[in-house]
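[1] Mind folding the following:
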Amino acid sequence: MKTTKASHVLTDPTSPISKSRLGVHSSAMPCTQSGTSFSSTVLTVPKKKPPKLDDVRCNGWLESMKSSSPPHKKTVKDPFAEVSSEDGESTYQSWQLKFPSALSCFEKIRESAGDKKIVLFLDYDGTLSPIVDDPDRAFMSSNMRSAVKNAAKHFQTAIISGRRRDMVYDLVGITELYYAGSHGMDIRYPLRDTAADKEFCLFQPAGEYLPMIEEVFRTLVNLTKDINGAKVENHKFCASVHYRNVDEKSWGTVAQIVHDVLKDYPRLRLTHGRKVLEVRPAIDWNKGKAVEFLLKSMNLGKSEDVLPIYLGDDRTDEDAFKVLRQGNRGYGILVSSIPKESAASFSLKDPEEVKEFLKRLVMWKEESMQQSM
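    Numbering: from 1, shown residues only. Below is the predicted model:
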């Protein structure tokens, strides 16, 4: 099994900046992790002058962090903020009128599929594994692994995660799948597949940003080390700052630290996930773009005989939902036990329902195969 490094590199067409904070022209920055040595300067926060919270309060980030974390009510205009669930189950049932259960509507999905080729795209955290306080312990069950493996026998299947590609590969452990890490900025796909050999190619549209992300990661680790519960992860093409275990009174401090660091990195941008702030390259790339790229790599990009189905639980999955909704191209399925605004077509409550949905797809496919014999 071989791995080939693709030469595709995208740049940010909207950014007029030609130099990074490090004083190196963007075209001179390496596309591999082992490239030219860069400055390891680390920013520090003066002990006597804690970061001011004016920035994150004015631009709404602090309120967004609070509103997207139950039991707070939605207080800002945030299309993916969790809606207040004071009315319990009745609220969820009302919400399902707009986002019906993919299990209840399975017959409708099956009829829409018809003879089309189904392609599955799966998020990992919150979709295949439960959300847990410690991201390092977000393991999928053996039954879920079996369900995914069986689905991959009948449908081309890809995992698109915010985690590092090698990390999610180790967690899933199924070789038959396509893997896209760092929100689709690190994709591994087969270039050639024969009985004798399988060669893989890597597509990394933000390769030149690796040294910059590494430096930001080290800086954020240093600046948040004294904040109890804060955890910073390096997902190769993005740096994630988790505040799930941080006292809410310190959320503003976490957000301000991240904002202060990014002031020196105009070619990076900040996004917000489920109780996590993520620093990413400011390029036109997301999970929706990754879905389109993977379909093309499967030679299915323009085919009308294909039905892509994407299952995800986080706001980062919304880009993929939007791509599939355009022109009724496919179905997005939001995994959530709490009502949220979304571009998805259907919903599932939790990973257990995801597992059941995958099992039904496999059962339907096997029944169809038997009938055609």
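
[2] got the contact list for the longest helix seen in the chain?
    Once the chain is assigned using DSSP state H, the helix that runs over the most residues is helix 351-372. Residues outside helix 351-372 that contact it (C-beta atoms under 8 Å, 6 or more residues apart in numbering): 101-103, 106, 110, 118, 120, 122, 126-130, 140-141, 143-144, 147-148, 150-151, 153-155, 311, 333, 335, 348. Every residue, glycine included, has its C-beta placed from N, CA and C.

[3] CA atoms only: put that helix into PDB for me.
    Below are the C-alpha coordinates for helix 351-372, written out as PDB (Å, rounded to 0.1, in the frame of the first residue of the first chain):
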ATOM      1  CA  PRO A 351     -25.200   7.700  17.800                       C
ATOM      2  CA  GLU A 352     -27.600   4.800  18.800                       C
ATOM      3  CA  GLU A 353     -30.100   6.000  16.200                       C
ATOM      4  CA  VAL A 354     -27.200   6.500  13.700                       C
ATOM      5  CA  LYS A 355     -26.300   2.800  14.200                       C
ATOM      6  CA  GLU A 356     -29.900   1.800  13.600                       C
ATOM      7  CA  PHE A 357     -30.000   3.900  10.400                       C
ATOM      8  CA  LEU A 358     -26.900   2.300   9.100                       C
ATOM      9  CA  LYS A 359     -28.200  -1.200   9.900                       C
ATOM     10  CA  ARG A 360     -31.400  -0.500   8.000                       C
ATOM     11  CA  LEU A 361     -29.500   0.700   4.900                       C
ATOM     12  CA  VAL A 362     -27.500  -2.500   4.900                       C
ATOM     13  CA  MET A 363     -30.600  -4.700   5.400                       C
ATOM     14  CA  TRP A 364     -32.400  -2.900   2.600                       C
ATOM     15  CA  LYS A 365     -29.400  -3.300   0.300                       C
ATOM     16  CA  GLU A 366     -29.000  -7.100   1.100                       C
ATOM     17  CA  GLU A 367     -32.700  -7.600   0.500                       C
ATOM     18  CA  SER A 368     -32.500  -5.800  -2.800                       C
ATOM     19  CA  MET A 369     -29.500  -8.000  -3.800                       C
ATOM     20  CA  GLN A 370     -31.400 -11.200  -3.000                       C
ATOM     21  CA  GLN A 371     -34.500 -10.100  -5.000                       C
ATOM     22  CA  SER A 372     -32.400  -9.400  -8.000                       C
END
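
[4] could you show me where the helices are in the stretch 201-350 of the chain, in order?
    210-224, 251-262, 287-297, 318-325 (DSSP state H, counting those that start in this stretch).

[5] Contacts for the last one next, please.
    With C-beta under 8 Å, 6+ apart as the test, helix 318-325 has contacts from 79-80, 121, 160, 286-292, 308-310, 312, 329-332, 334, 342-345.

[6] Give me the subset of the residues you listed lying in strands.
    121, 160, 308-310, 312, 331-332, 334 (DSSP state E).
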